[in-house]
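Enquirer: what follows is a predicted structure for the sequence shown.
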Amino acid sequence: MKILVSILLFLSAGIVNSYAQFLRSNNIAGESGKGLLQIFPRGMRHMSGDVYYLVTIDTSGVMALIPFERDTINYTSPIVKSVRKRNPLLTMHGNVMYDFYYQSAIDTPYQQKDVYQHTVQVYMDVMVRDRYPLRINFSTTQGNAALFRNITGVNLQYTNRDFRNMLLEKLQGWDENRLKQRSGLNAYRTKLDSKAMEVYKLRSWLNSSAQIQKLVEERERKQYGTPLPAGNVADSLPDLSALNVNTLLRWKGNWTGTKTPSAVDSVTSNFEDLYKAKEKQLDSLQKEWSAMDASYREQEAAFGSEGADLVEKIARSRNNRELAKALETSNLPDTVLPKGYKTLLAVRSFGIGRTLVNYSELTAKDISIQGVQAEYNPSYYVAIATGAVDYRFRNYVVNSNRTGQYLSLFRAGIGMKEGNNLIFTYYFGKKQVFNQNTADSTKQPDYRLMGIALEGRMQLGAHTFISGEVARSSMPYYMQDSQTGSKFSSIFKLSDHRNEAYAVKAESFIPGTGTRLSGVYKVMGAGFQSFSLYTTGSSQTAWSARIDQPFFKQQLMVTAGIRKNDYSSQYQQAEYST
């Protein structure tokens with residue numbers, strides 16, 4: 001029995017007429033009706049890609065082709081299973097600060113020794129489902145001083161600033177992934193260019209004058225029987241493009257069938273066939289190139305063309321409406337844009353617990369409350385705030401009952417807060433004032449107050465704005481006449497200007513130098529009351545001017561300012577904004 005020995009590295013490079021010299025692009029004719037065979041350095045593959053042939057030779061030197069059907073699994077390509085990434089419900093990170101304060105003796109009307117206070121502050125950034133940023137703040141102060149209260153505050157806060165920063169971070173990560181995809185697209189473009197070069201070379205060969213002349217001469221020989229020119233010796237090796245399996249094995253010298261045609265017959269009969277085969281090959285290459293080009297254009301269109309400039313566009317958006325428009329036109333995936341992103345961008349801030357109220361110069365500015373506050377500004381503006389106020393005057397001589405204080409406020413208007421707008425404010429609450437004008441100390445004063453304000457803002461260019469505000473409030477209890485009626489009616493007593501206030505504010509930024517200029521001018525009547533103003537009883541004029549100038553590429557900031565009668569609010573006991 002003859003034993004077939006499979007030769008994996010058949011006909012090594014040292015043997016004459018080595019098959020190992022065949023290139024991947026060489027084709028030979030296969031069985032009738034089944035297309036061409038592709039010749040590889042170690043074997044052959046059918047053009048359908050479903051059958052591979054291994055060249056074998058037995059001990060007597062007889063060659064054969066053994067077919068192998070292609071497996072359904074492509075072992076040359078990794079199997080990638082798409083697994084959807086599951087985002088955790090909560091992701092938290094932050095820091096904890098502890099402070100210990102000790103004083104051996106304090107100099108107050110009540111002398112006390114060995115006074116200490118423990119302060120613990122916790123700041124946590126919380127991400128819900130990797131899409132919704134929240135901030136939790138906790139602060140507590142505990143001590144043994146008789147004159148200082150133990151204060152504990154908790155705050156849960158959302159700001160569109162944090163949401164915007166989260167979007168920018170995700171967008172930058174998405175853009176880095178796009179760059180990787182772009183490299184793959186560029187590699188595909190290289191293949192497309194290589195295929196175009198094949199088409200160009202083959203077309204140049206077909207259209208060259210030498211090949212056309214040779215084709216004409218062969219046709220003349222076929223028609224008139226013209227012999228080959230003297231000295232024109234045909235190549236002893238057969239042309240690969242005209243080979244079939246039988247010819248291949250016959251040429252190897254192990255075929256006992258029909259006789260090999262003469263060199264002259266081969267040359268005179270094969271060039272026209274070769275030319276036609278080249279034409280078919282050109283047509284096939286052009287179709288392949290067209291399919292690859294269409295696929296490339298489809299991938300490029302899906303990839304998009306905005307790139308990193310989208311990050312810059314979003315970073316430079318002046319308000320949430322501009323940002324929402326930029327995101328809407330960018331066709332970003334759901335992994336970057338969470339559901340309801342327009343609403344989340346429109347919510348400027350939302351806080352529960354100890355939160356900060358900072359709305360306008362004449363109503364409520366930098367007021368720390370225990371309550372809730374929210375701002376919503378899609379194209380119109382709405383804001384609410386309500387809560388208890390901690391600050392109060394303290395009489396250290398007589399421990400009188402302390403009146404509870406609270407603030408409630410509602411604002412509504414049109415326009416964007418960072419652009420042109422017109423906003424109306426109504427506020428009311430209870431605020432303790434210094435009880436120096438009350439004759440009857442046994443009677444509890446009426447600390448209630450209310451007021452209205454109208455504020456307008458005009459944008460003068462991209463970096464400059466000016467705003468103005470007008471406000472009227474109820475009269476304080478020590479200035480209110482019993483005949484004037486209720487506190488609400490005192491607001492609309494237009495003949496009395498003591499409860500009026502006016503404010504003008506301007507700010508400008510110089511991009512070339514990074515300089516920021518700002519100024520405020522306020523006039524307040526003796527009877528005007530608001531939570532931004534904690535001193536009453538006299539007419540006041542306040543103004544301030546400030547300049548901020550960075551140096552050394554934003555590494556050093558120098559601030560200079562001057563102000564008159566413009567006090568920092570005593571209500572601002574805690575601020576969590578950073």
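Expert: Perfect, thanks for sending it. The shown structure was predicted, so the numbers you read here are calculated from the model rather than taken from an experiment.
Enquirer: in this protein, which helix or strand is least confident?
Expert: None of the helices or strands of the chain scores lower by mean pLDDT, DSSP states H and E than strand 4-6, at a mean of 40.
Enquirer: what helix or strand is residue 126 on?
Expert: Using DSSP states H and E, residue 126 maps to strand 112-128.
Enquirer: can you count the residues close to residue 370?
Expert: Neighbour count for residue 370, taken as other CB atoms under 10 Å: 16. Where C-beta positions appear, they are placed from N, C-alpha and C, glycine not excepted.
Enquirer: quick check, it in a strand?
Expert: Yes. With DSSP: H, G, I helix; E, B strand; the rest coil as the criterion, residue 370 is assigned to a strand.
Enquirer: backbone phi and psi for the nearest residue to residue 344 once chain neighbours are set aside, please?
Expert: Nearest residue to residue 344, sequence neighbours excluded (CB to CB, 6 or more residues apart in numbering): residue 163, at 5.3 Å. When quoted as degrees, to the nearest 10, the phi and psi of residue 163 stand at phi -70, psi -40.
Enquirer: correct me, but residue 163 touches residue 346?
Expert: No. Applying CB atoms under 8 Å as the test, residue 163 and residue 346 come out as separate, 10.3 Å apart.
Enquirer: show me what counts as buried in the helix or strand hosting residue 546.
Expert: According to DSSP H and E, residue 546 maps onto strand 540-551. Neighbour counts using 16 or more other CB atoms under 10 Å place 540, 542-545 of strand 540-551 among the buried residues.
Enquirer: of the residues you listed, closest to residue 476?
Expert: Nearest to residue 476 out of the buried residues of strand 540-551 is residue 540 (CB to CB; 13.9 Å).
Enquirer: residue 285 should be in a strand, yeah?
Expert: No. Going by three-state DSSP, the assignment for residue 285 is helix, not a strand.
Enquirer: my guess is it contacts residue 197. True?
Expert: No. With contact defined as CB under 8 Å, residue 285 does not count as touching residue 197 (10.3 Å).
Enquirer: who's more crowded, the two?
Expert: residue 285 (18 against 11).
Enquirer: how far away is the more buried one from residue 210?
Expert: Residue 285 sits at a distance of 21 Å from residue 210 (criterion: CB to CB, to the nearest Å).
Enquirer: same deal with residue 281?
Expert: Taken as CB to CB, the span from residue 281 to residue 210 is 18 Å.
Enquirer: equivalent analysis for residue 125, please.
Expert: 75 Å.
Enquirer: more neighbours, these two?
Expert: Neighbour count, other CB under 10 Å: between residue 125 and residue 210, residue 125 has more, with 15 against 8.
Enquirer: surely the more buried one meets residue 92?
Expert: Yes. With contact defined as CB under 8 Å, residue 125 reaches residue 92; the gap is 7.1 Å.
Enquirer: related to what we said a few turns ago, following the strand holding residue 546 in sequence, what is the next regular element?
Expert: Using DSSP H and E, the helix or strand that follows strand 540-551 towards the C-terminus is strand 556-564.
Enquirer: what packs against that following strand?
Expert: Counting contacts by 3 or more CB pairs under 8 Å, 6 or more residues apart in numbering; DSSP states H and E, the secondary-structure elements packed against strand 556-564 are strand 540-551.
Enquirer: now the strand it packs on and strand 556-564, what's the angle there?
Expert: With axes from the mean of the first three to the mean of the last three CA atoms, to 10 degrees defining the directions, strand 540-551 sits at 170 degrees from strand 556-564.
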